[in-house]
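Chemist: Any chance you could fold what I've pasted below:
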Amino acid sequence: MLSLSLLLVLVVVCALVFDYINGFHDTANAIATVVSTRVLSPRRAIIMAACLNFIGALFSTQVAITVASGLVDTARFQSADISQPALFAAKLQHPVDPVSQHLAGRLSPDTQKLMAQYAVGSAPSQELQGAMVDDLNHVLTQADFYSAERFAGIVLTPKTVEKAKNSGKLKSEELANTNRTLLEKAFPRELSSNKQVFQVVILAAILGAIVWNLITWKFGIPSSSSHALIGGLCGAAIIHGGLPFVLWGGIVRKVLIPLVGSPAMGFILGFLLMGGIFKTLAHAHPGRVSASFRNLQIVSAAAMAFTHGLNDAQKSMGIITMALVSARMIPEPVVPGWVVFSCAAAMALGTSVGGWRIIKTMGHKIIRLEPVHGFAAETSSAVVLFVTSHFGMPVSTTHVISGSIFGVGASKRLSAVRWGVAQSMVMAWVLTLPAAGLVAAFSYELLMLTGLGK
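Modeler: Take a look at the predicted model:
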């Protein structure tokens, strides 16, 4: 069995490995068009993409904060977290200390009825244990849980006391983590910490994403590394504690809606931009147009590489930050500087390796690209990625650039797009979330069998 610190190190290392794999898996997103149009050689395109991936990753942490705090409830209690249910039930039935008295006074009516039937010393029923868990999770949302008198004699760190005193000003996830810490300190024998086991949840999520990424890379399928990670996180969280552990509102707003909306916006922007270029330059000399767009495509490819780093590198930042928060190493989901730099470097290094199978799919199989098409597709994608990154949406760069390429091709004529390729890509998109989730759930069970969560 690993200690919490060693398990946390393992999570960080695996997150950086995922970021590295994400880099070479998604290299094609930034450079497929500029390579397929022969504006840049693969070597120069990859060097440019790696450098701009690194720079882009340093510019924002909005997506990382969404991943760290908006998708999974890291503080939530479950039945396994009540290590001594009989002792805890007895304290609530006959409260003596101030914290127990406070909790007993706030029990739900259902819990009070079950508690009245409970015989001290006996094992609480599953129904009573579930009711106590529900009440504990309700306490996590209370801004008035802490008071100096109530927690007198309980050893708390100065940072926890400071947070607790200002609980009314805390964000919901920060408040939940603070109250969880207070409860664990008040009932050190009765309540177990979830620090260790939640690291296993995060580790399983990363493993699920890595396995799915490697499978799709092997077969040249341009699936989403971002949604593989999010699918893995949901799968591991559900197998760990059930559906309530997933923050479904955040999943819908920040993942599912952008999952559909971002490639659609890429398609629309690519279609409109390409159509506008056709109309504006309809009578221009083809040679001059081609020469101009060869230069412009370098700029658009650079913008695409920058925004790829801006959005994609932040997923691993968010995962590591989530691990640090759930381990109580940091009090709130603010990405540390060393995490930003490490993830930026890992993605840039992965990008430098390249992903030639997917470059072939993205750059050649969808439509036959010219520099003007590449410019329109990359510019459209960069705009979508910049906007979604600004609003903290962990979208898929693969989905966005694919949608943009389809839009550019459709603006010429619908038959110019190889829709059979589109169908296989959409199937990969649809399968990514559940497939990565299932692999992560399986990984969680294997890791728990090894005793890592105990």
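
Chemist: out of everything not next to it in sequence, what's closest to the most centrally placed residue in the chain?
Modeler: Nearest to the mean C-alpha position of the chain, counting by CA atoms, centre = their mean, stands V67 at 3.8 Å. Residue nearest to V67 in three dimensions, not counting chain neighbours: G318, with 2.6 Å by CB to CB, 6 or more residues apart in numbering. Every C-beta, even on glycine, is put in place using the N, C-alpha and C of the backbone.

Chemist: Equivalent analysis for F278, please.
Modeler: Nearest to F278 is S411, by CB to CB, 6+ apart, at 7.0 Å.

Chemist: quick one on the thing from earlier: distance of the residue nearest to the centre of the chain relative to H227?
Modeler: 12 Å (CB to CB, to the nearest Å).

Chemist: got it, and A15?
Modeler: For A15, the distance to H227 - CB to CB - is 16 Å.

Chemist: what does A57 give?
Modeler: 19 Å.

Chemist: The two - which one has more neighbours?
Modeler: Set A57 next to H227 and count neighbours by other CB atoms under 10 Å: A57 wins out with 30 against 27.

Chemist: In contact with L114: list those residues for me.
Modeler: Contact analysis of L114 by CB atoms under 8 Å, 6 or more residues apart in numbering lists S125, E127, L128, A131.

Chemist: Nearest to A348 among these?
Modeler: Using CB to CB, A131 is the member of those that lies nearest A348, at 50.7 Å.

Chemist: check contacts around the closest one.
Modeler: Contacts for A131 were tallied using CB under 8 Å, 6+ apart; they are S108, D110, T111, L114.

Chemist: got a list of what the closest residue to the first one other than its chain neighbours touches?
Modeler: Counting by CB to CB, 6+ apart, D135 is the residue found nearest to S108 once chain neighbours are left out, at 5.9 Å. Contact criterion CB under 8 Å, 6+ apart gives L103, R106, L107, S108, T111 as the residues in contact with D135.

Chemist: at 7 Å instead, please
Modeler: For D135, the contacting residues are L107, S108, T111, by CB atoms under 7 Å, 6 or more residues apart in numbering.

Chemist: Equivalent analysis for F293, please.
Modeler: F293 neighbours (CB under 7 Å, 6+ apart): P371, V372, F375.

Chemist: Using neighbour counts, trim the residues you listed to the buried set.
Modeler: Burial by neighbour count, 16 or more other CB atoms under 10 Å: within the contacts of F293 this picks out P371, V372, F375.

Chemist: doesn't I298 make contact with the last one?
Modeler: To tie it back to what came earlier, the one meant is F375. No - here F375 lies out of contact with I298, judged by CB atoms under 7 Å, at a distance of 9.2 Å.

Chemist: where does the stretch 251-400 of the chain dip in pLDDT?
Modeler: Along the stretch 251-400 of the chain, the model assigns pLDDT under 70 to residues 354-369.

Chemist: now the stretch 1-150 of the chain, which segments are flagged as low pLDDT?
Modeler: For the stretch 1-150 of the chain, the ranges with pLDDT under 70 are 1-3, 25-30, 32-33, 36-37.

Chemist: Can you show me the helices along it?
Modeler: In the stretch 1-150 of the chain, the helices defined using DSSP state H, counting those that start in this stretch lie at 4-25, 27-36, 42-57, 62-69, 85-93, 98-105, 109-116, 126-139.

Chemist: most packed of those helices?
Modeler: For these, average neighbour numbers computed from mean count of other CB atoms under 10 Å are highest in helix 27-36, which has a mean of 30.

Chemist: how is the protein carved up into domains?
Modeler: Following automatic domain parsing, one finds the domains of the chain at 4-74+199-449, 79-193.

Chemist: First-to-last residue distance for the first one?
Modeler: This points to domain 4-74+199-449. End-to-end distance for domain 4-74+199-449, by CA to CA, to the nearest Å: 17 Å.

Chemist: can you tell me how far Y146 sits from G276?
Modeler: As judged by CB to CB, Y146 and G276 stand 59 Å apart.

Chemist: Sorry, wrong one. I was asking about A291.
Modeler: A291 is 20 Å from G276, where distance means CB to CB.

Chemist: what sits against the residue nearest to F267 when sequence neighbours are not counted?
Modeler: In space, and not counting its chain neighbours, F267 is closest to G407: 3.8 Å by CB to CB, 6+ apart. With CB under 7 Å, 6+ apart as the criterion, the residues that contact G407 are G266, F267, I268, L269, G270, F271, S380.

Chemist: How about A284?
Modeler: For A284, no contacting residues are found, by CB under 7 Å, 6+ apart.

Chemist: do you know how far it is from S192?
Modeler: Between A284 and S192 the computed distance is 71 Å (CB to CB).

Chemist: Please apply the same query to V335.
Modeler: Distance, V335 to S192, using CB to CB: 28 Å.

Chemist: Neighbour count for the two, which is higher?
Modeler: Set V335 next to S192 and count neighbours by other CB under 10 Å: V335 wins out with 23 against 18.

Chemist: which phi and psi does that one have?
Modeler: Dihedral pair for V335: phi -70, psi 120, per degrees, to the nearest 10.

Chemist: repeat for G70
Modeler: According to degrees, to the nearest 10, the main-chain angles of G70 amount to phi -110, psi 0.

Chemist: surely it meets V252?
Modeler: No - G70 is not in contact with V252 according to CB under 7 Å; the separation is 11.0 Å.

Chemist: of those two, who's got more company?
Modeler: Shown here are G70 and V252; by other CB under 10 Å, G70 has more neighbours (21 against 12).
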